[in-house]
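# sequence first, then the predicted structure:
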Amino acid sequence: MTLEEYGALFLEALSRTRIAVPEGTLLYRVADEVVEMAAAYHSDGIVFLRTGDPVNALAGFAYGLGWLDAGSRLGLLEPLAPHPPDQVDACIPDSQSAHLDEKTRRYRRMLHSALLMVETGPDEASPLHAGAESLRSAAHSWYAEGVEHLDAGDRAGALARFSYGYAWLDAGIRAGLFRITGERGLFTV
């Protein structure tokens, strides 16, 4: 799927997304913020795409879809329909090669650091503890897949996976499932 198709898939996913928790509840506010973050990154991705920056468009789309998918996994949003970045075939022009390389390597370092700087917030006896571990596991998995793609020379595939996985961590922090134990600037808080 091209970047344009990826952006269209994202817009379709946003248009179908509904908040699954009652208005006025504490979780409604979290769900609303998750949708707001996803919509902002869709908008950013479209602007980047239109202004000739496919690298940031790819990162924005993958990050925003990660927010939607993490929100669905948390039960905050419906439908539960994942949008992993494994089908995007972002053709980044050779003229953007240095930009793609820098951003991909930077996101790898940032996500690696971020994974080390969070700990599960809820008590082990709480069902939310297992939920937090599920989100952390998803972020770790996407990080590992990103490293595999980077090692194989697929920088665009790696960037999409790092961005998508990062969103799962950030959504978990926003939902109160993680505590930041290090540099807060690595997170969208």
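Received, thanks. Residues are numbered from 1 along each chain as shown.
# for stretch 169-187, give the mean pLDDT please.
Across stretch 169-187, pLDDT averages out at 92.
# correction: the previous question concerned stretch 106-119.
What stretch 106-119 shows for mean pLDDT is 96.
# distance between that stretch and the chain's centre?
Distance of stretch 106-119 from the chain centroid (C-alpha atoms, centre = their mean, to the nearest Å) equals 13 Å.
# contacts for that stretch, please.
Defining contact as C-beta atoms under 8 Å, 6 or more residues apart in numbering, one finds that stretch 106-119 is touched by 59, 136, 139-140, 143, 146-147, 150, 158-159, 162-163, 165-166, 169, 172-173, 178-183, 186-187. Glycine gets a C-beta too; all of them are placed from N, C-alpha and C.
# equivalent analysis for stretch 129-144, please.
With contact meaning C-beta under 8 Å, 6+ apart, stretch 129-144 is reached by 66, 70, 73-74, 108, 111-112, 114-115, 118, 120-123, 161-162, 164-166, 168-169, 171-172, 177-178.
# among the residues you listed, which are in strands?
118, 120, 178 (DSSP state E).
# the second one and residue 181 touch, don't they?
No: contact status for residue 120 versus residue 181: not in contact, 10.7 Å apart, counting by C-beta atoms under 8 Å.
# going through the contacts of stretch 106-119, which ones are buried?
Buried subset of the contacts of stretch 106-119 (neighbour count, 16 or more other C-beta atoms under 10 Å): 59, 136, 139, 143, 146-147, 150, 158-159, 162-163, 165-166, 169, 172-173, 178, 180, 186-187.
# can you give me the strands for this structure?
Going by DSSP E, the chain shows strands at 18-19, 77-78, 118-120, 178-180.
# what lies in contact with the last one?
When you say that, I think you mean strand 178-180. 117-121, 132, 135-136, 169, 172-173, 187, 189.
# recalculate using a threshold of 7 Å.
117, 118, 119, 120, 121, 132, 172, 173, 187 (C-beta atoms under 7 Å, 6 or more residues apart in numbering).
# neighbouring strands for that strand, and are they parallel or not?
Within its sheet, strand 178-180 is paired with strand 118-120 (antiparallel), according to DSSP bridges.
# how much distance is there from the partner strand to the middle of the chain?
17 Å.
# what do you get for stretch 61-81?
So, by C-alpha atoms, centre = their mean, the centroid of stretch 61-81 is 9 Å from its chain's centroid.
# using PDB, write down the CA coordinates of that stretch.
Only the C-alpha atoms of stretch 61-81 are listed here, as PDB (Å, rounded to 0.1, in the frame of the first residue of the first chain):
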ATOM      1  CA  PHE A  61       0.400   7.900   9.900                       C
ATOM      2  CA  ALA A  62       2.000   4.900  11.700                       C
ATOM      3  CA  TYR A  63       2.200   6.700  15.000                       C
ATOM      4  CA  GLY A  64      -1.500   7.900  14.800                       C
ATOM      5  CA  LEU A  65      -2.700   4.400  13.800                       C
ATOM      6  CA  GLY A  66      -0.800   3.100  16.800                       C
ATOM      7  CA  TRP A  67      -2.700   5.400  19.100                       C
ATOM      8  CA  LEU A  68      -6.000   4.100  17.600                       C
ATOM      9  CA  ASP A  69      -5.000   0.500  17.900                       C
ATOM     10  CA  ALA A  70      -3.800   0.900  21.400                       C
ATOM     11  CA  GLY A  71      -7.000   2.700  22.400                       C
ATOM     12  CA  SER A  72      -9.000  -0.200  20.900                       C
ATOM     13  CA  ARG A  73      -7.000  -2.800  22.700                       C
ATOM     14  CA  LEU A  74      -7.600  -0.900  25.900                       C
ATOM     15  CA  GLY A  75     -11.300  -1.100  25.300                       C
ATOM     16  CA  LEU A  76     -11.600   2.700  25.000                       C
ATOM     17  CA  LEU A  77     -12.500   2.700  21.300                       C
ATOM     18  CA  GLU A  78     -14.500   0.600  18.900                       C
ATOM     19  CA  PRO A  79     -14.400  -1.200  16.600                       C
ATOM     20  CA  LEU A  80     -11.500  -3.400  17.600                       C
ATOM     21  CA  ALA A  81      -9.800  -3.500  14.200                       C
END
